[in-house]
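Student: structure of the sequence below:
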Amino acid sequence: MQVLSKEPLRFGDEFVRHKILDIIGDLALVGRRIRGHIVAVMKPGHATNADLARSIVREQTRRKRPGRAADHSKRRRRTRRWIK
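Tutor: Residues are numbered from 1 along each chain as shown. From the prediction side, this is the model:
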């Protein structure tokens, strides 16, 4: 791999750090918190990350039940009982 910048790398793993920040930024486009682990087994890049984000959004949309809004108030009440 050829580095185009004439400045030296700041960290030995700077390429890895850059790729991690890329995927975090690309998955932020989903618009919701994602709980999980990402293992990049292919050559990661913005196109692959965007495809993953689209797949996650599609799956979230598919799982939503039509006509029912998410009611998180029950969960909050249950949590409050445990806190008291």
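
Student: now residue 49: closest residue in space, sequence neighbours ignored.
Tutor: Distance criterion CB to CB, 6 or more residues apart in numbering; nearest residue to residue 49, sequence neighbours excluded, is residue 26 at 3.5 Å. Yep, even glycine has a C-beta here, placed from its N, CA and C like the rest.

Student: got the contact list for the one you found?
Tutor: By CB atoms under 8 Å, 6 or more residues apart in numbering, the residues touching residue 26 are 46, 49, 50, 52, 53.

Student: report the central residue of the chain.
Tutor: The C-alpha lying nearest the average C-alpha coordinate of the chain belongs to residue 27 (CA atoms, centre = their mean; 3.7 Å).

Student: I'd say it and residue 51 touch.
Tutor: No - judged on CB atoms under 8 Å, residue 27 makes no contact with residue 51 at a distance of 11.2 Å.

Student: if you count contacts, what does the lengthiest helix in the chain end up packed against?
Tutor: Scanning the chain for the helix with the most residues, using DSSP state H, yields helix 46-63. Here helix 46-63 touches helix 14-27, going by 3 or more CB pairs under 8 Å, 6 or more residues apart in numbering; DSSP states H and E.

Student: much appreciated, bye for now.
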